[in-house]
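> please work out how this folds:
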Amino acid sequence: MRTWLTRAALIAAGCGVMAACGVMAACGSDPAPDKNDVSVSSGDWEITVYYTAVERFHDGDPTPVTGCPVLDCSQGDDDLGTYPAGFVQAVQDEGTGLTADGRYLNWSYDTGYWLDTAARASDGSALTPFVSAAADPGVLKQGTAFTITGCGTGDPDEVVCERLRQASWRIADEFTPGLGGPKHIDAYIGPETGAGFTESAWYVTLTGAAITTG
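Residues are numbered from 1 along each chain as shown. As a prediction, this is how the structure comes out:
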């Protein structure tokens with residue numbers, strides 16, 4: 001599990017998803033000015049990727065899942081259905097999964113599983129492929145815009161590198177405590193495209209990468 005959604009914080013603040021209020025700002029108010037508004041380039045970043053698991057690409061023993069049937073719920077114990085074990089594990093690893101019936105089975109470390117109409121970022125919005133990204137708040141503040149200007153070392157696939165560089169990213173998510181760290185970003189690339197996705201060139205870690213913020 002790389003990123004996390006603090007649904008408990010959204011609920012406690014009375015911030016519904018329809019209000020599109022961020023965890024870091026009070027509902028009905030504008031976000032605080034971003035300290036990274038000025039364009040700044042820096043290198044030596046580690047950039048990993050995260051994705052939405054897709055049920056039909058996974059197998060394993062049928063595994064019952066309990067949790068919340070809706071977003072505005074905490075510590076639920078409702079029956080959310082039965083899914084292949086590999087899919088359930090991938091949802092816990094990545095935070096989001098697309099079920100065979102078109103719903104999203106999401107997971108966060110603080111509230112468990114829940115069903116939703118979208119894969120969510122921590123600001124309550126839907127995760128957007130090649131836009132949404134995660135970082136620790138002390139590293140890059142929520143709302144920070146950035147581009148990847150260099151893919152660093154490790155000989156990443158040229159097509160993958162170019163696609164990551166062409167994207168306009170924005171911090172909308174946070175790491176599960178302990179999985180982030182200084183100069184570490186997680187970039188959301190959307191639903192997995194086939195079985196064995198984690199063995200493909202798209203499941204990449206960039207080391208020594210460069211970014212420009214602002």
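> quick check: what element follows the lowest-mean-pLDDT helix or strand in the chain along the chain?
Lowest by mean pLDDT, DSSP states H and E among the helices and strands of the chain is helix 7-12, with a mean of 35. Downstream of helix 7-12, the next assigned helix or strand under DSSP states H and E is strand 40-54.
> quick one: buried residues of that following strand?
By 16 or more other Cβ atoms under 10 Å, the buried positions in strand 40-54 come out as 45-54. (Each C-beta comes from the backbone N, C-alpha and C, glycine too.)
> pairing partners for the closest residue to residue 73 other than its chain neighbours in the sheet, please.
Distance criterion Cβ to Cβ, 6 or more residues apart in numbering; nearest residue to residue 73, sequence neighbours excluded, is residue 114 at 6.3 Å. Beta-bridge partners recorded for residue 114 (DSSP bridges): residue 68, residue 106.
> any idea how far residue 114 lies from residue 77?
The spacing between residue 114 and residue 77, counted by Cβ to Cβ, to the nearest Å, is 12 Å.
> shared neighbours, the two?
Shared contacts of residue 114 and residue 77, defined by Cβ atoms under 8 Å, 6 or more residues apart in numbering, are found at residue 67.
> out of these two, which sits in the busier spot?
Here residue 114 and residue 77 are set side by side on neighbour count (other Cβ atoms under 10 Å), and the busier one is residue 114, at 25 against 9.
> and the strands in the protein?
Listed in chain order, the strands of the chain (DSSP state E) span 3-4, 40-54, 62-68, 78-84, 96-98, 104-108, 112-116, 132-134, 145-150, 169-175, 184-191, 205-213.
> report the angle between the third one and strand 112-116.
By that I understand strand 62-68. With axes from the mean of the first three to the mean of the last three Cα atoms, to 10 degrees defining the directions, strand 62-68 sits at 80 degrees from strand 112-116.
> how about strand 62-68, which residues are buried there?
Under the neighbour-count criterion of 16+ other Cβ under 10 Å, strand 62-68 has 65, 67-68 buried.
> look up which residues are beta-bridged to residue 53.
Here residue 53 sits in beta bridges with residue 97, as judged by DSSP bridges.
> need the pLDDT of it.
Taken from the predicted model, the pLDDT recorded for residue 53 is 98.
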